[in-house]
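Chemist: mind folding the following:
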Amino acid sequence: MNKRRNFLAGLLGWAGLSAAAKAESTEKPDLVIDSGLQIFFVQNDTVIAFNGNTGAGTQVGNVIGAIGGTSITNFQFIPKSQTTITFNNRALITDTDGDQILFQVLGSGSFIAPLTDTTTPLGTLMSLGGPLVATYIAIQGSGKYAFLVGREFPVKMAATNSAIGSAGVLGNVYVEVYSDSVGALSTAIRSYRR
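Modeler: Model (predicted):
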């Protein structure tokens, strides 16, 4: 293995690329979870509407990563027990070129007991929330995202609602969407020609 690395370093040095090879080898890898998946994009939304009787609501926010833009998600929590839910949501992302991708979001999650600080009236922060897992399934795409239709992406989320809600801002949702082909997908998205 060392012979191969030395040979590669020699070739890169001969081509004047040895500094780039050294820089590349010292960089930290992208975040990788258990199975070697990398983050494809991150979605950070604010819950702007939620009906506690039906479990339906809307969240809006931003997306960064290989896909970037604004996001709108219509969701509905379907209770399975006091602390577990399932959902079949829709998430739409629109980028600065006007290209869009629409995902079906199938998943489940659990509500956790929030930490509180009883020594102060400011110590109760979260009313409801917890970790969620899902699959983002691309069901429609325009422009640079059309080739993604039919692909499925594993997802991890954290959703929290504030103990003190306000009109129009009820909580937030942090979403990490993963892929085992981030490099290839990112290249295809960036190289799209109109």
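
Chemist: what's the end-to-end length of stretch 159-178?
Modeler: 18 Å (C-alpha to C-alpha, to the nearest Å).

Chemist: can you tell me the average pLDDT over that stretch?
Modeler: What stretch 159-178 shows for mean pLDDT is 90.

Chemist: in it, what's buried?
Modeler: Buried residues in stretch 159-178, counted by 16 or more other C-beta atoms under 10 Å: Ala159, Thr160, Asn161, Ser162, Leu170, Gly171, Asn172, Val173, Val175, Glu176, Val177, Tyr178. Using the backbone N, CA and C atoms, a C-beta is placed for each residue, glycine as well.

Chemist: check the residues you listed and tell me the two furthest apart.
Modeler: The distance between the two most remote of the buried residues of stretch 159-178 (C-beta to C-beta) is 27.6 Å, for Ser162 and Tyr178.

Chemist: quickly list the domain ranges of this protein.
Modeler: For the chain, automatic domain parsing gives the domain ranges 1-28, 31-190.

Chemist: in this structure, which segments are predicted with low confidence?
Modeler: 1-35 (pLDDT under 70).

Chemist: can you give me the strands for it?
Modeler: Counting by DSSP state E, the chain has strands at residues 38-50, 56-65, 69-76, 78-79, 84-94, 100-110, 126-141, 152-166, 169-179.

Chemist: sheet-wise, list the partners of the longest one with their directions.
Modeler: To tie it back to what came earlier, the one meant is strand 126-141. strand 100-110 (antiparallel), strand 152-166 (antiparallel) (DSSP bridges).

Chemist: tell me the angle of the shortest one relative to strand 56-65?
Modeler: Angle between the axes of strand 100-110 and strand 56-65 is 120 degrees (criterion: axes from the mean of the first three to the mean of the last three C-alpha atoms, to 10 degrees).

Chemist: other residues contacting strand 100-110?
Modeler: 67, 73, 75, 80, 83-94, 130-143, 145, 148, 155, 157, 159 (C-beta atoms under 8 Å, 6 or more residues apart in numbering).

Chemist: same question, the longest one
Modeler: For strand 152-166, contacts defined as C-beta under 8 Å, 6+ apart pick out 33, 37, 40, 47, 50, 105, 107, 109, 114, 124-138, 169-179.

Chemist: pretty sure Ile64 sits against Phe41.
Modeler: Yes. Assessed by C-beta atoms under 8 Å, Ile64 is found in contact with Phe41 at 6.6 Å.

Chemist: more crowded one of those two?
Modeler: Between Ile64 and Phe41, counted using other C-beta atoms under 10 Å, Phe41 has the larger neighbour count: 24 against 12.

Chemist: list the residues that contact the more buried one.
Modeler: By C-beta under 8 Å, 6+ apart, the contact list for Phe41 reads Val63, Ile64, Gly65, Ala66, Ile67, Gly68, Val177.
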